[in-house]
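Participant: The following block contains a protein sequence and its predicted model.
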Amino acid sequence: MILPPPFVPKKNVFCGVGVGRGLAIGPVHVITSNSRIRHRTYEISPDQVKPELALLEQAIQKTCAKFKAAQKALPPELVGQEGDILSTHLMLLNDPHLIESVTQKIEQDKLNAESALAFYFNQHIKTISAFKNEYLKSRVFDVETVRNSVIATLQEDEHEQGLPSFYQKGCIVAARELSPSEVATLPVNLVAGLVTERGSRTSHSSLVAKTIGIPCVVGVSSLLSRLGDRSQLILDAPEGHVIIDPDHDTLSFYQKRKNSMESDRLEINRSAHLPATTLDDHQVRIMGNIELVEELPDIMACGGEGIGLFRTEYIYTMKDELPTENELFESYRRVVATVSPSPVVIRTLDLGADKITAIKDLTPNNHDAGNLNQALGLRAIRFCLKNQDLFRTQLRAILRASVFGELRIMLPMVSCLEEIRETKRLIFETTQELKKEGHSVKEKISLGVMIEVPAAVIIVKELGREADFLSIGTNDLIQYSLALDRTNPEVMELYQPHHPAIIRMIKTIIDAGKELNIPVSVCGDMAAETISAPLLVGLGAEILSMPSGSIPKIKRLLRMSSFEDLQRLSFEVLESTNNEESENLIRQLFRGRFDELT
């Protein structure tokens with residue numbers, strides 16, 4: 001963290017954890033439990049009814065889209081937690097009774113849409129609150145969240161038409177804590193930044209904020225008690241601090257820095273399609289991570305050189321029944337054909353039965369239902385091999401799609417050789433079945449293994465001899481190696497990507513790949529972070545895969561780097577004794593040259 005200049009009073013500086021990129025300057029907008037949203041009530045004339053109904057329909061559609069975006073922002077292992085909540089919110093929004101009742105209120109009572117919506121949801125809340133059942137009473141929060149989200153969207157739309165809004169344009173939202181759905185429905189054209197007293201860099205809400213492009217600082221303790229109704233804030237996400245009521249000199253300094261960062265961002269995006277070749281001509285391939293076909297245009301527009309991780313879980317979690325082979329095939333085919341001739345790495349299902357609502361009756365799920373720690377339960381390749389009919393359906397779809405481009409298969413959470421060998425047997429049998437049925441299947445399809453558990457690191461050479469490529473899943477590798485739940489705020493500070501053990505394990509994996517002459521990629525969060533990507537390249541990684549938004553800046557950072565310097569950095573970091581020492585070494589290399597990126 002780079003502290004503010006000496007002329008900034010220390011009493012005005014509050015430190016936390018920065019999430020995303022960007023710097024925001026603007027008036028504070030405090031959200032408390034009693035002020036999530038304020039709806040406006042006024043009568044409308046008969047000729048305003050039709051436009052008001054159109055606004056209502058548009059607001060509901062936009063809010064649905066925001067909730068779906070929030071679901072996409074969650075990593076697969078969190079889909080069953082926050083994803084279930086967001087699914088409930090979508091269900092409430094898609095209730096036909098909602099539109100019917102609110103429409104009737106607008107038409108009969110000539111009320112504006114905000115007021116009619118508030119009336120409907122408040123009646124709903126009153127009814128639920130009267131129940132003695134604690135579970136039903138706990139649903140009040142969901143109804144309140146949906147109500148506030150639609151009203152916020154309505155106010156966002158009306159602001160675009162020049163009407164007064166609940167949010168002031170360019171404001172910085174401050175709250176004790178916000179749920180992922182609340183973050184997802186913040187009006188991004190009005191809200192410039194977000195600061196919360198709780199949260200961490202990898203908390204659910206932080207992931208959503210990063211995805212929708214709102215810079216934020218989380219974990220800023222005791223902030224709200226220092227804020228006044230008219231406080232001005234500077235929010236510095238890259239450095240993780242907030243400045244309250246800045247003076248003229250401070251404002252001038254940060255406004256210049258903000259302008260410089262925005263100029264740099266434009267330059268980064270303009271050069272996105274240039275290759276990631278270092279100053280001394282070392283080539284690194286930058287690929288994209290996706291969950292949906294709809295994400296492909298963003299990956300290609302940002303200069304992605306193929307798909308290094310196609311997560312296949314989304315279609316299983318969003319339906320009440322299992323996807324058919326043809327549905328899976330069509331999804332895979334579209335991605336492979338669109339990206340061809342660049343490669344597409346399809347990761348087989350990385351969920352457990354606890355996350356797939358359509359297969360509750362499967363025997364393994366009954367055994368696993370009481371397992372409170374699903375991360376250590378029956379999931380990923382273990383789950384697929386226990387449910388081979390389900391796995392064969394996915395494999396059939398993948399194999400059929402293989403003829404449309406350069407498709408590769410990757411197995412998640414592998415911990416032993418038997419899992420690869422059993423999968424190979426299934427692929428062989430499924431290929432023979434498909435050929436007998438008259439389907440075309442590519443003769444040679446690369447099979448890779450994700451290295452994300454310590455056991456896999458220890459036997460990485462044995463795994464590599466069975467596989468065609470390796471991919472390092474840093475998120476789970478860190479979690480399992482450091483024995484912590486990265487969604488648990490009590491141990492969040494122990495989630496350290498640059499812990500010496502993690503760096504040395506990554507080096508072991510990369511060296512094994514080079515010895516075996518097979519490719520090694522990195523597809524976890526570390527590949528997308530400007531503080532981590534250069535180190536990974538210095539350690540020997542030649543393929544990095546990341547979300548679309550990270551591709552341009554990582555490519556530019558590498559183009560402005562010397563591979564020789566990055567190798568020297570990696571040697572120093574491998575000798576470090578803790579996470580902080582490692583990060584300081586990385587920052588020292590780039591300080592003064594790439595401050596806008598690090």
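Facilitator: Here it is on my side, so go on. Here the structure is a predicted model, which is why all the values come from computation and not from measurement. Numbering: from 1, shown residues only.
Participant: Is residue 381 in contact with residue 348, as I believe?
Facilitator: Yes: the pair residue 381 and residue 348 passes the contact test of C-beta atoms under 8 Å, sitting 6.9 Å apart. No exception for glycine: its C-beta is placed from N, CA and C like everyone else's.
Participant: okay, and the common contacts of those two?
Facilitator: Residues touching both residue 381 and residue 348 comprise 411, 412, 423, with contact defined as C-beta atoms under 8 Å, 6 or more residues apart in numbering.
Participant: who wins for neighbours among those residues?
Facilitator: With neighbours set by other C-beta atoms under 10 Å, the maximum within the shared contacts of residue 381 and residue 348 is found at residue 412, which has 26 neighbours.
Participant: what does the average pLDDT come to for stretch 324-338?
Facilitator: When pLDDT is averaged along stretch 324-338, the result is 95.
Participant: er, stretch 168-176 I mean
Facilitator: Model confidence over stretch 168-176 averages 92 on the pLDDT scale.
Participant: can you pull the alpha-carbon coordinates of it into CSV?
Facilitator: C-alpha atoms of stretch 168-176 as CSV (Å, rounded to 0.1, in the frame of the first residue of the first chain):
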residue,chain,number,x,y,z
GLN,A,168,-26.6,11.8,-6.4
LYS,A,169,-24.5,11.3,-9.6
GLY,A,170,-20.9,10.6,-8.7
CYS,A,171,-21.6,9.6,-5.1
ILE,A,172,-19.6,7.2,-3.0
VAL,A,173,-21.9,4.7,-1.2
ALA,A,174,-20.8,4.0,2.4
ALA,A,175,-22.4,1.1,4.5
ARG,A,176,-21.6,-1.3,7.2
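Participant: Now it: buried residues?
Facilitator: 168, 171, 172, 173, 174, 175 (16 or more other C-beta atoms under 10 Å).
Participant: Off-centre distance for stretch 4-19?
Facilitator: For stretch 4-19, the distance between its averaged C-alpha position and the chain's averaged C-alpha position is 27 Å (C-alpha atoms, centre = their mean, to the nearest Å).
Participant: any idea how far residue 556 is from residue 420?
Facilitator: As defined by C-beta to C-beta, to the nearest Å, residue 556 lies at a distance of 37 Å from residue 420.
Participant: Among those two, which residue is more densely surrounded?
Facilitator: Here residue 556 and residue 420 are compared on neighbour count by other C-beta under 10 Å; more neighbours surround residue 556, at 23 against 20.
Participant: Neighbours of the nearest residue to the more buried one once chain neighbours are set aside, how many?
Facilitator: Using C-beta to C-beta, 6 or more residues apart in numbering and skipping the chain neighbours, the partner closest in space to residue 556 is residue 268 (4.9 Å). A total of 19 residues lie near residue 268 under the criterion other C-beta under 10 Å.
Participant: in whichever helix or strand residue 268 is part of, what counts as buried?
Facilitator: When elements are defined using DSSP states H and E, residue 268 is found to belong to helix 248-270. Buried residues in helix 248-270, counting neighbours by 16+ other C-beta under 10 Å, are found at 250, 253, 254, 257, 258, 261, 264, 268, 269.
Participant: Show me where the stretch 151-300 of the chain dips below the pLDDT cut-off.
Facilitator: Counting by pLDDT under 70, the stretch 151-300 of the chain contains low-confidence ranges at 157-166, 181, 202-204.
Participant: in it, which spans are strands?
Facilitator: Along the stretch 151-300 of the chain, counting by DSSP state E, counting those that start in this stretch, strands occupy 171-175, 191-196, 216-218, 232-236, 241-244, 276-277, 283-290.
Participant: out of those, which comes closest to residue 513?
Facilitator: Distances from residue 513 to each of those were compared using C-beta to C-beta; the minimum, 13.9 Å, belongs to strand 283-290.
Participant: What strands flank that closest one, and is each parallel or antiparallel?
Facilitator: strand 276-277 (antiparallel), strand 307-311 (parallel), strand 543-546 (parallel) (DSSP bridges).
Participant: buried ones in it?
Facilitator: By neighbour count with 16+ other C-beta under 10 Å, strand 283-290 contains the buried residues 284, 285, 286, 287, 288, 289, 290.
Participant: Repeat that for stretch 288-304.
Facilitator: 288, 289, 290, 291, 295, 296, 299, 300, 302, 303, 304.
Participant: how long is that stretch end to end?
Facilitator: Stretch 288-304 has an end-to-end distance of 6 Å (C-alpha to C-alpha, to the nearest Å).
Participant: chain center to that stretch, what's the gap?
Facilitator: Mean-position distance between stretch 288-304 and its chain equals 14 Å (C-alpha atoms, centre = their mean).
Participant: what's the following helix or strand after the lowest-mean-pLDDT helix or strand in the chain?
Facilitator: Sorting the helices and strands of the chain by mean pLDDT, DSSP states H and E puts helix 363-368 at the bottom, at a mean of 44. Towards the C-terminus, the helix or strand next in line after helix 363-368, according to DSSP H and E, is helix 380-386.
Participant: for the record, mean pLDDT for that following helix?
Facilitator: Looking at helix 380-386 alone, the average pLDDT works out to 94.
Participant: just stretch 441-461 next, same as before
Facilitator: Looking at stretch 441-461 alone, the average pLDDT works out to 97.
Participant: list the buried ones in that stretch?
Facilitator: 441-442, 445-453, 456-457, 460.
Participant: Among the residues you listed, which pair sits farthest apart?
Facilitator: Taking C-beta to C-beta as the measure, these reach their widest spread between 441 and 457, a distance of 32.7 Å.
Participant: so who does residue 98 touch?
Facilitator: Residues in contact with residue 98, defined by C-beta under 8 Å, 6+ apart, are 60, 92, 120.
Participant: Filter those down to the ones in helices?
Facilitator: With helices defined by DSSP state H, the entries of the contacts of residue 98 inside them are 60, 92, 120.
Participant: what about the second one, neighbour count?
Facilitator: Okay, so that is residue 92. 20.
Participant: Touching, it and residue 144? I think so.
Facilitator: No: under the criterion of C-beta under 8 Å, residue 92 lies out of contact with residue 144, with a separation of 10.6 Å.
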